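Asker: Kindly return the folded structure for what I paste below:
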Amino acid sequence: MKKDVLETLKYNKGSFISGEELSNRMGVTRTAIWKHINQLKGEGYEIESVSRKGYRLVGEPDVLNQHALQMELQTKVIGKRIVHYDTIDSTNNMAKRIAGEGGDEGVVVISEEQTGGRGRLGRQWMSPKGTGIWMSLILRPSIEPAEAAKITQIAAAAVASAIRKVTGCEAGIKWPNDIILQKKKVCGILTEMGAELNSVNYIVVGIGINANVDVALFPEDIKKIATSIKACVGNNISRKELVLQILKEFEALYLDFIHTKSIGKSVDICRAHSVTIGNMVKIINRDQTIIAEAIDLTEEGELLIRNQEGQVEKVISGEVSVRGISDYV
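Answerer: Numbers count the residues shown, from 1 in each chain. Okay, here's the model as predicted:
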């Protein structure tokens, strides 16, 4: 019922709607409407109440709960169920737990804060409360485990496209899983899976974005390599609008991959916005370090490099740093 009241207020945003009309629409008493209005106010919604006029929605909190998101979600699969937390250790951990218990494809786990967020190679990921986007998507594609890396390329393409459309910032993609703003990292993508020898049970895509994080609060070592969208734009952005756009972009690219068995569309985006291609890179893979020129992406999303002997090679995975980007070592 509270969701219905909020939907009606949002539909009539800027205009008053009377308590009587709301009660008639919902089939409940005006007292019940008043209680729901007060609950929404308690959640941070700015609702003006005027005698003989009714209620008017003036402003909305920048929260990422299921009610706020699903009301405006433009997807069919991704986000059909949203699990929201105020605080959690890691959205990826919870998503894997839900997936392991049979959770459907498209479930999104999102939290206002992570206390144990992590990136590649188990590195800690700072996730301060109410300032970023910390979410994980559960997928169940019918693919072989070797193809799981393609999902990372889809996610990178979706996030970069969404940031560009919502904020105007020129988000770049550092192959395979980092989003870059102003030569610093603003988003990391962590793809994990549960699989058997020849089949994938589930894939969890974790997306961590420094949306409205104040970079002045970063530790000195982090300031050198990380930034936030707020620092690029100059003011806070709507986290909700960005989440909705990411899910929309991701679903379109993911379903295209499922239907066509090709990530060509995602690769085109990753290629167009790449901060890797055309630059010297350092690739660490196990005990091997390669210095090379990144020259292109294959249609399968692999990185093509020209090594120091002039030979062209494919790189499927590895820890990559790019000359000119602040984490280059």
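Asker: and I325, what pLDDT?
Answerer: I325 is assigned 87 on the pLDDT scale.
Asker: go on, P61?
Answerer: Confidence score, pLDDT, at P61: 82.
Asker: so who does it touch?
Answerer: 43-45, 68 (CB atoms under 8 Å, 6 or more residues apart in numbering). The C-beta positions use only the backbone N, C-alpha and C, and glycine is treated the same way.
Asker: Skipping adjacent residues, who's closest to E60 in space?
Answerer: Computed as CB to CB, 6 or more residues apart in numbering, the closest residue to E60 that is not its neighbour in sequence is Y45, at 5.8 Å.
Asker: thinking that neighbour is in contact with D62, fair?
Answerer: No - checked against CB atoms under 8 Å, the pair Y45 and D62 is beyond contact range at 11.3 Å.
Asker: Wait, V213 touches G130, no?
Answerer: No - with contacts counted by CB under 8 Å, V213 stays clear of G130, the gap being 9.9 Å.
Asker: okay, the two: which has more neighbours?
Answerer: Per other CB atoms under 10 Å, whichever of V213 and G130 has more neighbours is V213, with 22 against 15.
Asker: give me the element the more buried one is part of.
Answerer: Following DSSP states H and E, there is no helix or strand that holds V213.
Asker: try T75
Answerer: Element membership for T75 (DSSP H and E) is empty, with no helix or strand holding it.
Asker: who's in contact with it?
Answerer: 106, 247-248, 251.
Asker: tell me the pLDDT at it?
Answerer: 96.
Asker: can you check D287 too?
Answerer: In this model, D287 carries a pLDDT of 78.
Asker: go on, G117?
Answerer: 66.
Asker: again with the one 5 residues further on
Answerer: At G122, the model reports a pLDDT of 52.
Asker: try I269
Answerer: What the model reports for I269 is a pLDDT of 98.
Asker: Apart from its neighbours in sequence, what residue is nearest it?
Answerer: A157 is the one closest to I269 (CB to CB, 6+ apart), at 3.8 Å.
Asker: any idea how far L139 is from that neighbour?
Answerer: The gap separating A157 from L139 is 15 Å, by CB to CB, to the nearest Å.
Asker: Could you check how far K10 is from E46?
Answerer: Taken as CB to CB, the span from K10 to E46 is 12 Å.
Asker: Overlap of the contact sets of these two?
Answerer: 57, 60.
Asker: quick one on the thing from earlier: list buried members of the contacts of P61 by neighbour count.
Answerer: Among those, those classed as buried by neighbour count (16 or more other CB atoms under 10 Å) are 45, 68.
Asker: from the contacts of P61, which ones fall inside helices?
Answerer: Of the contacts of P61, the ones assigned to helices by DSSP state H are A68.
Asker: just for the stretch 51-200 of the chain, where's the confidence low?
Answerer: Applying pLDDT under 70 to the stretch 51-200 of the chain flags the ranges 117-127.
Asker: all strands of it, in order?
Answerer: Taking DSSP state E, counting those that start in this stretch, the strands of the stretch 51-200 of the chain run over residues 54-59, 81-85, 107-111, 133-139, 172-174, 178-181, 184-195, 200-209.
Asker: For Q288, which of those is the nearest?
Answerer: strand 172-174 (19.8 Å; CB to CB).
Asker: Which neighbouring elements make contact with that closest one?
Answerer: On a contact count with 3 or more CB pairs under 8 Å, 6 or more residues apart in numbering; DSSP states H and E, strand 172-174 meets helix 149-167, strand 178-181.
Asker: Closest to the centroid, which residue in this protein?
Answerer: I207 (4.5 Å; CA atoms, centre = their mean).
Asker: hmm, back to that, for the residue nearest to I269, give me its contacts.
Answerer: Contacts of A157 by CB under 8 Å, 6+ apart are 173, 249, 253, 265-267, 269-270, 273.
Asker: cool, R30 as well?
Answerer: Here R30 is in contact with 19-20, 22-23 (CB under 8 Å, 6+ apart).
Asker: top of the residues you listed by neighbour count?
Answerer: Using other CB under 10 Å as the neighbour test, the contacts of R30 are led by L22, with 23 neighbours.
Asker: Pretty sure that residue sits against T8.
Answerer: Yes - counting by CB under 8 Å, L22 does reach T8; the two are 6.4 Å apart.
Asker: Per the annotation, how does the chain divide into domains?
Answerer: 2-59, 66-272, 280-322 (automatic domain parsing).
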